[in-house]
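Peer 1: For reference, the sequence and a predicted model appear below.
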Amino acid sequence: MIERYRKEIDRIDSKILGLFEKRMVFSKKIGNYKREKGKLISDLNREKKIILGLTNKTKLDKKFIKEIYRVIFKFSKKVQK
């Protein structure tokens, strides 16, 4: 029984990883656009808006969502530079 659950978690993790990779592709495109337009890489208002929107859509712990997205934003900015 536990092996079935673990296999399902493994499948979910693979999907999450694929989505992270896709997100970073678009982050890089956004970084290119920002550089072309002379815009700052960091947009704290956008980050706050994303976190607020996501925490309102889920029953997961809000602190958990904030921590995950702070890491995602950190690496997105790194990719954009």
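Peer 2: Arrived safely, thanks for sending. Residues are numbered from 1 along each chain as shown.
Peer 1: Output the contacting helices and strands for the top helix by length along the chain.
Peer 2: Assignment by DSSP state H gives helix 2-37 as the longest helix of the chain. Helix 2-37 sits against helix 62-80, with contacts defined as 3 or more C-beta pairs under 8 Å, 6 or more residues apart in numbering; DSSP states H and E. C-beta here means a position set from N, CA and C on the backbone, and glycine is covered the same way.
Peer 1: contacts for the helix it packs on?
Peer 2: With C-beta atoms under 8 Å, 6 or more residues apart in numbering as the test, helix 62-80 has contacts from 20, 23-24, 27-28, 30-31, 34, 41-42, 47, 50-51, 54-55, 58.
Peer 1: Quickly note the distance from the residue sitting nearest the centre point of the chain to Phe20.
Peer 2: Centroid-nearest residue in the chain, with C-alpha atoms, centre = their mean: Ile72, separated by 4.2 Å. Applying C-beta to C-beta, to the nearest Å, the value for Ile72 to Phe20 is 8 Å.
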